[in-house]
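Trainee: Curious how this folds, go ahead:
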Amino acid sequence: MPVLVITGTGTEIGKTMVTAAVAASALAAGRSVAVLKPAQTGVRPDERGDADEVARLAGPVTARELARYPDPLAPATAARRSGLPPVRPRDVAEAAAKLATEHDLVLVEGAGGLLVRFDPAGGTLADAASLLDAPVLLVAPASLGTLNSTELTARELRSRHLELTGVVIGSWPTRPDLATRCNVTDLPEVAGAPLLGALPRGTGTLPPPDFRTHAPSWLSPRLWGTWDADGFREREGAW
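Mentor: Model prediction:
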């Protein structure tokens, strides 16, 4: 798995925190890691982007952006409004492939969901994953409404013959309600892929040394962690 594409069912669901946790866990396991953010939107030139935040939390990773646009919009729309060139799937694939020659693991973090458009031709993160023949990790919320968007994303990946490595819950609440607890069982079923982790809510506020210490406990061994899906389901789920 030299390249892992990380997407979400939408925005603001913990995708960057999951990317940072995977990076920190892989680093702790002795891997060299690069993080690629194809299109960073809604951030000024002097602000920290998602790739920078991953590096701050995870430790010594190579962080790279391909483009940055000031408006908090889909990349294609933000590029058009700014007058800057769009990012195309081939640009993403070429950058990730180059990073993979120099690192054990390259994490490609998308913007929003799988089919958010990068360019006027309708290129998406899914297209970049296809060019790379890379597996995809899906970050999903645990709350009511997540099952539909998770299943739609999983179906789209299958239709493109892309591997869905698994699902990670981006933010697990301290007091989950009934729907959230039931989704522990239902998410892997609708995704047709295993649940590979759950990050506690508020992980981004941890000091970086604490984040790096705890990150492996949030992710399964498949993502270089120690998290136990069966134990989590028994403890947090509802039957």
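
Trainee: Correct me if wrong: W218 contacts A229.
Mentor: No - using Cβ atoms under 8 Å, W218 is not in contact with A229; the gap is 11.7 Å. Every C-beta, even on glycine, is put in place using the N, C-alpha and C of the backbone.

Trainee: Neighbour count for these two, which is higher?
Mentor: W218 (27 against 17; other Cβ atoms under 10 Å).

Trainee: which residues touch that one?
Mentor: 21, 197-200, 203, 225, 227 (Cβ atoms under 8 Å, 6 or more residues apart in numbering).

Trainee: Do a quick rundown of the strands in this protein.
Mentor: Ranges of strands in the chain, per DSSP state E, are 3-8, 33-41, 62-69, 105-113, 136-140, 164-172, 195-200.

Trainee: Quick one, grab the pLDDT at the nearest residue to R201 once chain neighbours are set aside.
Mentor: Ranked by Cβ to Cβ, 6 or more residues apart in numbering and with sequence neighbours excluded, the top spatial neighbour of R201 is S171, at 4.6 Å. Per-residue pLDDT puts S171 at 96.

Trainee: and S171, how many neighbours?
Mentor: 21.

Trainee: What of G113?
Mentor: Neighbour tally, G113, other Cβ under 10 Å: 23.

Trainee: Grab the nearest non-local neighbour of R212.
Mentor: A24 (4.7 Å).

Trainee: mind listing the helices in the chain by residue range?
Mentor: Using DSSP state H, the helices of the chain run over 15-28, 50-58, 75-82, 89-100, 125-132, 146-159, 178-191, 208-214, 229-236.

Trainee: I appreciate the help and will end here.
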